[in-house]
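Undergrad: Any chance you could fold what I've pasted below:
(one chain, ligands or ions: 2)
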Amino acid sequence: MPRNNATSLAADVPSTSGSSRPKRKPLTKEQRDFLDSALRVNQAGELAATLIYAAQTPPLVNAHPHLRPLMSHMYAQEEGHLNTFNHLIAKHRVRPTALYPLWSVLATGLGWSTAVMGRETAMACTEAVETEIGTHYNDQIRKLLEIFDQWEGDGYEVGDEFRDLVDTLRRIRDEELEHLDHAVEHDAKKAEPHWLLTGVIRAGCRGAIWVSEKV
Ligand SMILES: [Fe+2]
Ligand SMILES: [Fe+2]
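TA: Numbering: from 1, shown residues only. Ligands and ions are numbered 1, 2, ... in the order given. Below you'll find the model as predicted:
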């Protein structure tokens, strides 16, 4: 099976040999593994996000028609995120998570069940999921910036492809945090019992992230 290895992603280094072609610093195995698992888990997470919002929308909008524009807006952004990672995972030949079918069922179940429990519960679900996802993207951004520092410290330049990846992660992270704000504005904190719902969903997200990085 072809493995990614994100080997096409590498740091550009100014040529010292007279050739105008930039040399590339090969990624360490640890860096390759990190990029593989980052793209894999992000694609799985964005698939789950689209399914959660898709499952929440019918019961929620049926009971609260004024939420339709908000739900469409958040769904459209999640679809954009998913398309981004579908593209990256194909481009770098990263194996998608083997648990696609399981995540699909769980995400749809989570979206539907929280929406039928009411508007506040649906919003508490969004609050919990987006809190974990925001942290998750921040961790990835931090790790990439550490790698960049290392390269620059060794005299290499960071290629545009890596810069673009960090910009993409930052943009998506900001949109996830915007969803979190929308959820809180729409009474996520009034869900009963808020601590239990968000605690369980956040723990589930962390577990799913941990597994999807590996499997
Ligand atoms: Fe997303
Ligand atoms: Fe989101």
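Undergrad: For the residue nearest to the spatial centre of the chain, give its distance to ligand 2.
TA: Nearest residue to the geometric centre of the chain (C-alpha atoms, centre = their mean): residue 42, 3.8 Å. Going from residue 42 to ligand 2 by C-beta to the ion, to the nearest Å gives 12 Å. C-beta coordinates here come from the backbone N, C-alpha and C atoms, glycine included.
Undergrad: Go ahead and confirm that residue touches residue 86.
TA: No - with contact defined as C-beta atoms under 8 Å, residue 42 does not reach residue 86; the gap is 10.2 Å.
Undergrad: Can you tell me the SS state at residue 158?
TA: Judged by DSSP: H, G, I helix; E, B strand; the rest coil, the three-state class of residue 158 is coil.
Undergrad: Look up the pLDDT of the closest residue to residue 116 other than its chain neighbours for me, please.
TA: Nearest residue to residue 116, sequence neighbours excluded (C-beta to C-beta, 6 or more residues apart in numbering): residue 59, at 5.1 Å. Here, the pLDDT recorded for residue 59 equals 96.
Undergrad: Okay, and residue 59 sits in which element?
TA: Secondary structure from DSSP states H and E places residue 59 in helix 29-63.
Undergrad: Residue 172 too?
TA: In the assignment (DSSP H and E), residue 172 maps to helix 160-185.
Undergrad: Is ligand 2 within reach of that helix?
TA: Yes - against ligand 2, helix 160-185 shows contacts by C-beta under 5 Å from the ion at 176, 179.
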